[in-house]
Structure formats: C-alpha cells, structure tokens
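Asker: Model the structure of this input:
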Amino acid sequence: MENIIKDLRTELKWTQSDLGIKLGVSRQTINALEKGKYDPSLPLAFKLARAFGKPIEEIFNDRD
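Answerer: Presented below is the predicted three-dimensional model:
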C-alpha cells in the first residue's frame, strides 16, 4: 500500500521519532510505514489521519 506519510511528516518538520511519539509507536514502525514495508492497523491509520488532519484515503492509496 502506498502512502504519503513521509511527505506529510517532513512538511510539518517532524522527525520519525516525533511522529512515533505522537502515535505511541517506535521510530522503526514509522520507517517501515514510510517505506511501505508495513501496513498499519485500522486504529493506527485513524491516529495517523488525526495527527495530519487528513482523511485516511488521502494518506493511503491501495493500488488494487
């Protein structure tokens, strides 16, 4: 699944650690999300959407 997490995070000048702290996950989880190596759970996707103030569909693109 593709996402724009890195773009949104860098626009806000947040590090991976900053975002991880806001979401209650590790920096490694943020890295895996940004690289598309990990698809978030639904609760984590909602947390990401709230953190960025965007709908989930704007952050994630399921290419199917």
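Asker: For the helix or strand harbouring residue 32, name the packing helices and strands.
Answerer: Taking DSSP states H and E as the criterion, residue 32 maps to helix 27-34. Here helix 27-34 touches helix 5-11, helix 16-23, going by 3 or more C-beta pairs under 8 Å, 6 or more residues apart in numbering; DSSP states H and E. C-beta: built from backbone N, CA, C; applies to glycine.
Asker: Can you list the neighbours in contact with it?
Answerer: The contact list for helix 27-34 (C-beta atoms under 8 Å, 6 or more residues apart in numbering) reads 3, 5-6, 9, 15-17, 19-20, 23, 38, 40, 48.
Asker: Can you tell me which of the helices and strands packed on helix 27-34 is nearest to residue 62?
Answerer: helix 5-11 (14.5 Å; C-beta to C-beta).
Asker: one step back: mind checking which of the contacts of helix 27-34 are buried?
Answerer: 3, 5, 9, 16, 19-20, 23, 38, 40, 48 (16 or more other C-beta atoms under 10 Å).
Asker: how about the CA coordinates for the helix holding residue 32, as CSV?
Answerer: Output of helix 27-34 as CSV, limited to C-alpha atoms (Å, rounded to 0.1, in the frame of the first residue of the first chain):
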residue,chain,number,x,y,z
ARG,A,27,10.6,5.2,15.1
GLN,A,28,11.2,1.9,13.3
THR,A,29,7.5,1.5,12.8
ILE,A,30,7.3,4.9,11.2
ASN,A,31,10.2,4.0,9.0
ALA,A,32,8.5,0.7,7.9
LEU,A,33,5.3,2.6,7.2
GLU,A,34,7.0,5.2,5.1
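Asker: pLDDT (mean, whole number) over that helix?
Answerer: Here helix 27-34 scores 98 as its mean pLDDT.
Asker: Helix 16-23 and that helix, what's the angle between them?
Answerer: Calculated by axes from the mean of the first three to the mean of the last three C-alpha atoms, to 10 degrees, helix 27-34 forms an angle of 100 degrees with helix 16-23.
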